[in-house]
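Asker: need the 3D shape of this:
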Amino acid sequence: MFKSLATAKFSAKAVALLAAGALSLTACGGGGATPAATSSEGGVQLINPGKLTVCSDVPYEPFEFQKDGKIVGFDMDIAAEVAKDMNAELSVVDSSFEAIETGTALTQCDVSISSISITEPRKAVMDFSEPYLDDDLTLVASEGSGITDVISAKGKKVGVQQATTGAKYAKDQGLDAQQFEDTGLLVQALKAGTIDAALGNQSVLGYAIKDDPKYKRVEDFATGEKLGIAIKKGNTAMLDHVNSTLKRLTDDGTLKKFETTWFGEPTK
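Answerer: This is a model prediction of the structure:
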């Protein structure tokens with residue numbers, strides 16, 4: 001996700017995660033602020049026995065969102081493969097991205113998978129898997145907005161998701177962008193016409209407008225963003241396991257198939 005180190009206060013979802021242990025979207029076992037780790041096959045330690053507990057900021061289409069009562073998406077396909085390789089059940093916890101990016105979510109989850117851009121500040125508080133997707137930024141504008149690039153977006157109503165690299169980039173470019181708690185609200189505002197444009201990752205915004213001719217990508221920004229899976233710092237057993245699954249998915253072509261399913265064609 002186009003996400004960067006947050007400076008704002010935690011959102012309501014973050015408070016819920018810290019105070020109440022988060023809302024689990026599948027049955028999560030255990031309890032308490034710092035659950036005891038238990039052994040799983042291969043020596044990987046899991047917070048809840050027999051379950052890979054994954055924190056994710058839902059919704060963030062096409063990476064993680066609810067459909068027909070299930071959480072689906074590109075990240076969820078990868079998470080399911082990680083769980084399968086350790087003979088564990090996948091259990092997803094809906095977290096705020098503020099909690100995910102600061103590493104706080106890893107007191108409740110084994111890993112965080114939520115389109116997380118790998119950045120140096122984040123690497124200081126958590127470990128990352130090998131990158132599984134390159135994901136630069138784009139500016140999406142509505143027809144008739146008069147926006148053709150980031151310069152012409154100045155003074156217009158531009159939206160971003162809070163606590164993201166898109167939000168930081170907009171600020172760095174001098175845009176006074178309106179911030180939204182999640183990408184679902186951002187896309188809703190764009191399509192409702194309450195904002196003229198949205199700045200965020202190519203994967204997410206491209207997916208959101210791909211079937212709607214009223215919107216187009218007017219400018220892309222090569223930021224070199226790479227997405228990774230976040231793991232509690234020093235948990236080398238989990239890191240090795242996750243990297244092993246990602247290598248398998250890359251080598252056998254499964255990762256490319258996931259990209260085609262969710263983005264239309266493999267990201268280059």
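Asker: all contacts plus neighbour counts: C-alpha atoms, from now on.
Answerer: Will do.
Asker: show me where the stretch 101-250 of the chain has helices.
Answerer: For the stretch 101-250 of the chain, the helices defined by DSSP state H, counting those that start in this stretch occupy 120-123, 165-172, 183-192, 202-209, 236-251.
Asker: and the second one, what does it pack against?
Answerer: Same thing as helix 165-172. strand 158-161, strand 197-201 (3 or more C-alpha pairs under 8 Å, 6 or more residues apart in numbering; DSSP states H and E).
Asker: and what of the last one?
Answerer: When contacts are defined as 3+ C-alpha pairs under 8 Å, 6+ apart, helix 236-251 sits against helix 74-85, strand 226-231.
Asker: same list (the ones you listed) but as TSV, adding mean pLDDT.
Answerer: As requested, the helices and strands packed on helix 236-251 are arranged in TSV below (pLDDT from 0 to 100):
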stretch	mean pLDDT
helix 74-85	98
strand 226-231	97
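Asker: need the winner for burial among the ones you listed.
Answerer: strand 226-231 (a mean of 25; mean count of other C-alpha atoms under 10 Å).
Asker: give the pairing partners of that strand; include direction for each.
Answerer: Partners of strand 226-231 in the sheet, by DSSP bridges, are strand 111-117 (antiparallel), strand 127-128 (antiparallel), strand 133-134 (antiparallel).
Asker: between the ones you listed, which one is closest to T236.
Answerer: strand 127-128 (8.8 Å; C-alpha to C-alpha).
Asker: pull the distance from that closest one to the chain's centre.
Answerer: Relative to the centre of its chain, strand 127-128 is centred 14 Å away, using C-alpha atoms, centre = their mean, to the nearest Å.
Asker: same check on stretch 113-127?
Answerer: 11 Å.
Asker: isn't S112 up against L106?
Answerer: Yes - counting by C-alpha atoms under 8 Å, L106 is a contact partner of S112 at 7.0 Å.
Asker: what do these two both touch?
Answerer: Between them, S112 and L106 share these contacting residues under C-alpha atoms under 8 Å, 6 or more residues apart in numbering: C55, I100, I231.
Asker: now do the second one against D94, distance only.
Answerer: Spelled out, it's I100. Distance from I100 to D94, counting by C-alpha to C-alpha, to the nearest Å: 10 Å.
Asker: equivalent analysis for the first one, please.
Answerer: Separation of C55 from D94 (C-alpha to C-alpha) stands at 6 Å.
Asker: out of the two, which sits in the more crowded spot?
Answerer: Just comparing C55 and D94: by other C-alpha atoms under 10 Å the higher neighbour count belongs to C55, 27 against 22.
Asker: list the buried ones in the helix or strand that one falls within?
Answerer: According to DSSP states H and E, C55 maps onto strand 51-56. Residues K51, L52, T53, V54, C55, S56 are the ones in strand 51-56 that count as buried (16 or more other C-alpha atoms under 10 Å).
Asker: ok, now which ones touch the second one?
Answerer: So the one you mean is L52. Applying C-alpha under 8 Å, 6+ apart to L52 gives the contacts L46, A83, A88, E89, L90, S91, C109, D110, V111.
Asker: over to the first one?
Answerer: If you count contacts by C-alpha under 8 Å, 6+ apart, K51 has them with C28, A83, A88, E89, L90, S91.
Asker: then the third one?
Answerer: For T53, the contacting residues are C28, L46, I47, L90, S91, V92, V93, Q108, C109, D110, V111, by C-alpha under 8 Å, 6+ apart.
Asker: beta-bridge partners for it, please?
Answerer: With DSSP bridges as the criterion, T53 is bridged to S91.
Asker: quick one: it and G144, what's the gap?
Answerer: From T53 to G144 the distance is 45 Å (C-alpha to C-alpha).
Asker: with the fifth one instead?
Answerer: Here C55 is placed at a distance of 39 Å from G144 (C-alpha to C-alpha).
Asker: quick one: L190 from A167, how far?
Answerer: Going from L190 to A167 by C-alpha to C-alpha gives 16 Å.
Asker: what about the two, which has more around it?
Answerer: Set L190 next to A167 and count neighbours by other C-alpha under 10 Å: A167 wins out with 25 against 21.
Asker: correct me, but that one touches Q179?
Answerer: Yes - assessed by C-alpha under 8 Å, A167 is found in contact with Q179 at 7.5 Å.
Asker: I'm done for today, thanks for sticking with me.
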